[in-house]
Each structure stands twice: as structure tokens, then as C-alpha cells.
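Asks: Model the following, please.
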Amino acid sequence: MSRKEYNHLSRRVIRCAIEVHKGLGPGLLERVYEDALCWEMRNQGLKVERQKAIDVNYKELEISNGYFADIVVNDRLILELKAVEDVLPVHKAQLLSYLKLADKKLGLLLNFHVTKMTDGINRIINGKL
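Replies: A predicted model of the protein is given here:
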């Protein structure tokens, strides 16, 4: 997938997140935003996998279902959703770890507990796009 295609996909997802935030506002549980965002993205023709199990390999050990990605879009983009007062550096590091483990290039950390959704978007890149 080219950089241009990643950018196009992430813009589509961000538009959906903004639409959800406009409709629901801040202050709800993460699960509510996940439900609404998945619905919105599917209505926009995106392939959405919720709570997708990802195996973790550590040396010779394979840990089945080592973590669950909140949402994977079109088999390319990992979304980590938050509804927190502040996004901490560990949240960004967590998404980067998920990207590395799943061998994905791009992730979006979306925090819905903000006044304006564009303030809650963090783009995390694993390597080069």
C-alpha cells in the first residue's frame, strides 16, 4: 500500500470519527464510541474488524491472542480508541508496540474525550510509509 493510499484511508477514518464525535460529544464510555465508529465506517464501505486478536511472538514462544486491537480497518490500519482526560506517552507507545507486533505501518490513536475531535487524533507510524 502506498503512502497516498494510507493517507486516503486514514482521512476516511478520521472523517468517520469526527462524525461520531459531532453526534455523541465527549464524556461517554469508550465502548459507545467503538460501536458508533464501527457502524459509521461500515456505512462508508470500510472493512472493520473489532477486538481483533493478534498473536505475540517472544523468542520461541508464540502467545495466542496476546492482545486485541480495538479496531483494524481494511487489514491495514489499527485504531486504538480512548475516552480519557489526557493521552499519555504510554498510550502512543502502546499503539506503536501493537503496530510492530501486527506488522502494520499505520495506526490512529483516537481520544473521544475532547471538545473538538481533531484535538484527539494522534497518528502513529511504524517505520516508513
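Asks: before we move on, which element is residue 21 in?
Replies: Here residue 21 sits within helix 3-24, counting by DSSP states H and E.
Asks: And the pLDDT at residue 23?
Replies: For residue 23, the model assigns a pLDDT of 98.
Asks: Around the closest residue to residue 109 other than its chain neighbours, count how many other residues there are.
Replies: Excluding the flanking residues, the one nearest residue 109 by C-beta to C-beta, 6 or more residues apart in numbering is residue 122, at 4.0 Å. In this view, the C-beta of every residue, glycine as well, is placed from N, C-alpha and C. For residue 122, the neighbour count with other C-beta atoms under 10 Å is 15.
Asks: Quick check: phi and psi on the residue nearest the centre of the chain?
Replies: Nearest residue to the geometric centre of the chain (C-alpha atoms, centre = their mean): residue 79, 0.7 Å. Torsion angles at residue 79 (phi, psi; degrees, to the nearest 10) stand at phi -110, psi 130.
Asks: isn't residue 76 right next to residue 2, touching?
Replies: No: using C-beta atoms under 8 Å, residue 76 makes no contact with residue 2, being 11.3 Å away.
Asks: if we can go back for a sec, pull out the buried residues from the helix holding residue 21.
Replies: Buried residues in helix 3-24, counted by 16 or more other C-beta atoms under 10 Å: 6, 9-10, 12-14, 16-21.
Asks: what's the single longest strand in this structure?
Replies: Ranked by residue count under DSSP state E, the longest strand found in the chain is strand 61-73.
Asks: and that strand, which strands flank it?
Replies: Its sheet considered, strand 61-73 pairs with strand 48-58 (antiparallel), strand 77-82 (antiparallel) by DSSP bridges.
Asks: and residue 93, which of the ones you listed is closest to it?
Replies: strand 77-82 (11.0 Å; C-beta to C-beta).
Asks: Contacts for that closest one, please.
Replies: 6, 9-10, 13, 30, 33-34, 37, 69-73, 91, 94-95, 98-99, 102, 104, 106-113, 120 (C-beta atoms under 8 Å, 6 or more residues apart in numbering).
Asks: Kind regards, and thank you for your time.
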